[in-house]
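Enquirer: coordinates only, sequence not included:
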């Protein structure tokens, strides 16, 4: 999945200012998409997380750990100058779903 943010509807940011909650919401959306393709959480092999504030790194990492549990997809966490809208987090994910 390409860059996914915590958006509801067309333009409402979910949990503005709460990077951990945004991370959980985004990863839930990503896993729902993988599941819709008959995949499983175990099929996610890589995530790339973009944050706007380095102070959010722990909350984002903890949320990532809670969602994936013992699964350990390769992960990159990058601080960027900014994201569009009221988003503190954007996530890309790669999954390999067997036919």
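Expert: Right, received. Where do you want to start? Because the structure is a prediction, the values reported are computed rather than measured. Residues are numbered from 1 along each chain as shown.
Enquirer: alpha carbons only for contacts and neighbour counts from here, please
Expert: Will do.
Enquirer: Just give me the neighbour total for the nearest residue in space to residue 24 that is not next to it in sequence.
Expert: Nearest residue to residue 24 in three dimensions, chain neighbours excluded: residue 63, at 5.7 Å (C-alpha to C-alpha, 6 or more residues apart in numbering). Residues within reach of residue 63, counting by other C-alpha atoms under 10 Å, total 20.
Enquirer: and the gap between residue 63 and residue 72?
Expert: When C-alpha to C-alpha, to the nearest Å is applied, the distance between residue 63 and residue 72 equals 13 Å.
Enquirer: Next, the contact list for residue 6, please.
Expert: 13, 14, 15, 22, 23, 25, 26, 87, 89, 90 (C-alpha atoms under 8 Å, 6 or more residues apart in numbering).
Enquirer: Narrow these to those in helices?
Expert: Where the contacts of residue 6 overlap with helices, as defined by DSSP state H, the overlap consists of 22, 23, 25, 26.
Enquirer: Which one of those is nearest to residue 2?
Expert: The nearest member of those to residue 2, counting by C-alpha to C-alpha, is residue 26 at 11.5 Å.
Enquirer: Can you tell me the closest non-neighbouring residue to the closest one?
Expert: Ranked by C-alpha to C-alpha, 6+ apart and with sequence neighbours excluded, the top spatial neighbour of residue 26 is residue 6, at 5.4 Å.
Enquirer: just residue 97 next, same as before
Expert: By the measure of C-alpha to C-alpha, 6+ apart, the closest residue to residue 97 outside its immediate chain neighbours is residue 39, 5.3 Å from it.
Enquirer: Assign residue 29 to helix, strand or coil.
Expert: Here residue 29 is recorded as helix under DSSP: H, G, I helix; E, B strand; the rest coil.
Enquirer: residues near it, how many?
Expert: For residue 29, the neighbour count with other C-alpha under 10 Å is 17.
Enquirer: quick one: it from residue 90, how far?
Expert: Look at residue 29 and residue 90: by C-alpha to C-alpha, they are 12 Å apart.
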